[in-house]
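A.B. asks: Give me coordinates for this.
(one chain, ligands or ions: 1)
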Amino acid sequence: MVETYREVAQLIRERGNIVAFTGAGISVESGIPAFRGAQGLWEKYDPADYADIRSFIEEPAKVWTMLREMTRLIFDAKPSPAHLALGLLEKAGFLRSIVTQNVDGLHQRAGNTDVIEYHGNSLYLVCLKCQGKVPFTEEALSLMPYPVCDKCREPLKPDGVFFGEQIPTSAVQRAHEAVQKCRIMMIVGTSGVVYPAAEIPFLAASRGAAVVEINVSPTPFTSGISGYFLQGSASRVLPDVLHILGVE
Ligand code: OAD
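C.D. replies: Alright, predicted model coming up:
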């Protein structure tokens, strides 16, 4: 295992130009549970009932019970050692962009400047009628049964992408541009089962990027495209790789 860490550090030194593709696993150590697996949010809430745009339109009060719980965790979270490691990798000139499926804003708080939010950002609220956006505040979180648009009086929705909604066009464009140029695709803490997001690492691999994957358990990427699989918590693995690289 130590040998693999050294090989990955060497690869980063030689190639640089990393694009990271991240998922909920990177925020687990920040106190936000992942979606799938034993402790996952989808064990408690069926995504068909709570994360589909039709459910939100039909039963906003019900969906807001889950949203309040999830947002409380996001508001209380701080960047994990894994987020901070990606911030340091950018500062050291090795990492160019992050394509994230997360909606928690923690990559930006860890210092990364080119964060492409494929599934939007839940720190804003959007009105589905007038498309107006406002910051998601503590006050909005306490409004029962849900916050409403000042103009339309319609229920506000966190600006994260629900199932059945489009991926933001600018995120798709920016992600595709980032992937064209990257020489290392670093996949961190994602199950890789939600499309179209999961296409991103495959696109990078097809354009010749070396693929490094970090996860506590294997995923569809592992046997498919991952040249290096570093098994373990991202908050332990990434700081260890940085230590070998001499980036602290
Ligand atoms: P998942 O919950 O599907 O997967 C989390 C992944 O993180 C799993 O592969 C875990 O093994 C891994 N993991 C857990 N803890 C970890 C740790 N400490 N270090 C490293 N890896 C760890 O989350 P995503 O792949 O992000 O979309 O899910 C993708 C999309 O499905 C989400 O963006 C969301 C969800 O439904 C929408 O809601 C549209």
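
A.B. asks: got the domain boundaries for the chain?
C.D. replies: Split into domains by automatic domain parsing, the chain comes to 1-31+79-119+166-248, 33-76+123-160.

A.B. asks: which residues of this protein fall in strands?
C.D. replies: 18-22, 95-100, 115-117, 120-127, 133-135, 156-160, 184-188, 210-215, 228-231 (DSSP state E).

A.B. asks: Mean pLDDT added to those, as TSV?
C.D. replies: Formatted as TSV, the strands of the chain follow (pLDDT from 0 to 100):
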stretch	mean pLDDT
strand 18-22	98
strand 95-100	98
strand 115-117	98
strand 120-127	97
strand 133-135	98
strand 156-160	98
strand 184-188	98
strand 210-215	98
strand 228-231	98
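
A.B. asks: Which stretch among those strands approaches G37 most closely?
C.D. replies: Among the strands of the chain, the nearest to G37 by Cβ to Cβ is strand 210-215 (11.2 Å). Any C-beta I mention is one placed from the backbone N, CA and C, and that applies to glycine too.

A.B. asks: Pairing partners for that closest one, with directions?
C.D. replies: Applying DSSP bridges, strand 210-215 is found paired with strand 184-188 (parallel), strand 228-231 (parallel).

A.B. asks: buried residues in the last one?
C.D. replies: Neighbour counts over strand 228-231 (16 or more other Cβ atoms under 10 Å) mark 228-230 as buried.

A.B. asks: picking that back up, among the domains of the chain, which is nearest the ligand?
C.D. replies: The ligand lies closest to domain 1-31+79-119+166-248 among the domains of the chain, at 2.3 Å (Cβ to the nearest ligand atom).

A.B. asks: and the domains of the chain as TSV, adding distance to the ligand?
C.D. replies: Below are the domains of the chain laid out as TSV (distance: least, Cβ to the nearest ligand atom, whole Å):
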stretch	distance to the ligand
domain 1-31+79-119+166-248	2
domain 33-76+123-160	3
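
A.B. asks: Return the most buried member of these.
C.D. replies: The highest mean neighbour count among the domains of the chain, using mean count of other Cβ atoms under 10 Å, belongs to domain 1-31+79-119+166-248: a mean of 19.

A.B. asks: Could you save the strands paired with strand 210-215 as CSV and add columns showing distance to D150?
C.D. replies: Formatted as CSV, the strands paired with strand 210-215 follow (distance: least, Cβ to Cβ, whole Å):
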stretch, distance to D150
strand 184-188, 38
strand 228-231, 48
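
A.B. asks: just so I know, which of these lies nearest L123?
C.D. replies: L123 lies closest, by Cβ to Cβ, to one member of the strands paired with strand 210-215: strand 184-188, at 20.7 Å.

A.B. asks: Quick one: residues in contact with the closest one.
C.D. replies: Under the contact criterion Cβ atoms under 8 Å, 6 or more residues apart in numbering, strand 184-188 has outside partners 11-12, 15-23, 25-26, 82, 86, 95, 179, 200-201, 204-205, 209-215, 219, 221, 226, 234, 238.

A.B. asks: quick one: it to strand 18-22, angle?
C.D. replies: Orientation check (axes from the mean of the first three to the mean of the last three Cα atoms, to 10 degrees): strand 184-188 against strand 18-22 gives 20 degrees.

A.B. asks: Can you dump the C-alpha atoms of strand 184-188 in CSV for me?
C.D. replies: The C-alpha coordinates for strand 184-188 follow below in CSV (Å, rounded to 0.1, in the frame of the first residue of the first chain):
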residue,chain,number,x,y,z
ILE,A,184,-5.0,13.1,-13.7
MET,A,185,-8.6,12.3,-12.8
MET,A,186,-8.8,11.9,-9.0
ILE,A,187,-12.1,10.3,-8.0
VAL,A,188,-12.9,10.8,-4.3
